[in-house]
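K.L.:
no letters, just coordinates:
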């Protein structure tokens with residue numbers, strides 16, 4: 001009788017184990033692990049993306065990628081292997097070797113804190129919406145025009161969304177933990193190295209770029225902001241970003257620097273290629289170490305820099321393609337500043353740049 005009981009127990013255990021194995025489901029790419037068992041199998045719509053995930057988890061092609069295993073991944077760099085490419089057909093960089101047409105499946109990598117998907121031809125980033133643990137996200141150089149799925153990623157500290165055809169950045173307004181934001185060169189590429197007559201130089205031209213930066217006003221923890229090559233004419237939303245240390249504003253269309261007056265933590269400020277004539281608001285930015293004023297041909301007066309007590313030995317001021325007098329350049333150089341100007345400048349005190 002005892003042997004019969006033991007045999008029946010082993011049979012029941014065997015059936016239970018088999019039943020558990022049979023119950024293991026293979027999820028469709030768009031399904032969520034949170035609605036299924038931890039032992040169920042995650043799949044991806046894109047085979048190359050799945051291979052990237054498997055490699056990051058040290059799984060072979062025959063190993064089961066379960067929901068539990070997928071949640072263990074904290075970092076993934078699935079960027080394209082090719083060089084960077086400007087948005088919307090620019091010949092400047094080559095296209096990626098493989099496009100990700102569908103990110104479905106990535107939503108189950110719920111443990112991710114670091115994710116890079118640069119240069120993959122992405123247009124739909126909807127599956128990223130649930131990855132609320134992300135701290136660092138790199139979407140540089142894709143075809144993304146809608147960033148609303150990022151709205152709930154409130155733990156983001158670093159975000160790179162440069163070189164995407166964006167016009168609306170309202171989804172960023174609630175990402176108040178951001179310290180680093182790179183969102184330059186948006187819009188549609190319309191030409192290569194074509195003349196910019198107002199700069200007396202050449203450069204890439206874009207249309208339909210970002211004009212309204214009011215969503216950035218809430219991002220008061222930012223220390224590094226790059227919004228160059230847009231179509232920004234009003235810097236007022238930046239007034240309260242007093243933690244900024246680095247600010248890049250090249251290639252926009254503003255003239256009034258007044259909103260920058262209170263950004264006294266700034267150490268690096270790039271104002272290249274705008275329509276600036278008055279730099280008076282910079283007189284109180286005493287922590288500046290590098291200031292780039294190139295390609296502002298109407299700029300003649302740099303008295304604000306001469307009066308700024310913080311600008312001196314070891315600091316750099318770029319003045320190429322401005323109309324600042326040799327006398328003022330010399331006065332700036334006398335403060336110990338490295339004054340950079342044209343290679344064939346007639347100003348004896350300038351540091352020539354090729």
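P.N.:
Noted; the coordinates are in hand. In this text the structure is predicted, and so the values were computed from the model without any measurement.
K.L.:
so where's the stretch 251-354 of the chain uncertain?
P.N.:
Applying pLDDT under 70 to the stretch 251-354 of the chain picks out residues 343-346, 348-354.
K.L.:
most centrally placed residue in the chain?
P.N.:
residue 160 (1.4 Å; CA atoms, centre = their mean).
K.L.:
for that one, give the beta-bridge partners.
P.N.:
residue 138, residue 182 (DSSP bridges).
K.L.:
how close does it sit to residue 266?
P.N.:
The gap separating residue 160 from residue 266 is 21 Å, by CB to CB, to the nearest Å. Quick note: C-beta positions are derived from backbone N, CA and C, even for glycine.
K.L.:
go on, residue 70?
P.N.:
From residue 70 to residue 266 the distance is 42 Å (CB to CB).
K.L.:
and the pLDDT at residue 230?
P.N.:
For residue 230, the pLDDT comes out at 80.
K.L.:
what's around it, how many residues?
P.N.:
Applying the criterion other CB atoms under 10 Å, we find 25 residues in the vicinity of residue 230.
K.L.:
the residue nearest to the centre of the chain contacts residue 138, doesn't it?
P.N.:
Yes. Assessed by CB atoms under 8 Å, residue 160 is found in contact with residue 138 at 4.4 Å.
K.L.:
what do those two both touch?
P.N.:
Here residue 160 and residue 138 have residue 118 as joint contacts, going by CB atoms under 8 Å, 6 or more residues apart in numbering.
K.L.:
do I have it right that residue 48 meets residue 100?
P.N.:
Yes. Contact criterion CB under 8 Å: residue 48 and residue 100 qualify, at 7.3 Å.
K.L.:
the more surrounded of these two?
P.N.:
A direct count of neighbours by other CB under 10 Å for residue 48 and residue 100 places residue 100 higher, at 23 against 14.
K.L.:
the more buried one contacts residue 51, correct?
P.N.:
No. Applying CB under 8 Å, one finds residue 100 not in contact with residue 51, separated by 11.9 Å.
K.L.:
residue 62 - how many residues pack around it?
P.N.:
5.
K.L.:
let me fix that: residue 27
P.N.:
Counted with other CB under 10 Å, residues neighbouring residue 27 total 21.
K.L.:
let me see the contact set for it.
P.N.:
Residue 27 neighbours (CB under 8 Å, 6+ apart): 33, 36, 40-43, 67, 108.
K.L.:
before we move on, back to that, per-residue confidence for the residue nearest to the centre of the chain?
P.N.:
Predicted confidence (pLDDT) for residue 160: 96.
K.L.:
and the gap between it and residue 136?
P.N.:
Here the criterion is CB to CB. By it, residue 160 lies 9 Å from residue 136.
K.L.:
now the strands for the stretch 251-354 of the chain?
P.N.:
Along the stretch 251-354 of the chain, the segments classed as strands by DSSP state E, counting those that start in this stretch run 268-270, 290-292, 316-318, 338-342, 351-353.
K.L.:
show me the contacts for the nearest residue to residue 106 once chain neighbours are set aside.
P.N.:
Closest residue to residue 106 apart from its sequence neighbours, by CB to CB, 6 or more residues apart in numbering: residue 127 at 5.0 Å. For residue 127, the contact set (CB under 8 Å, 6+ apart) comprises 30, 103-107, 149.
K.L.:
only the buried subset of the residues you listed, as a PyMOL command please.
P.N.:
Those of the contacts of residue 127 that count as buried under 16 or more other CB atoms under 10 Å are selected in PyMOL with:
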select buried, resi 103+104+105+106+107+149
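K.L.:
max pairwise distance over the contacts of residue 127: which two?
P.N.:
Maximum pairwise distance in these, criterion CB to CB, is 15.1 Å, between 105 and 149.
K.L.:
tell me who's in contact with residue 269.
P.N.:
247, 249, 260, 282, 285, 288, 290-292.
K.L.:
name the nearest of these relative to residue 239.
P.N.:
The closest of those to residue 239 turns out to be residue 260 (CB to CB; 8.1 Å).
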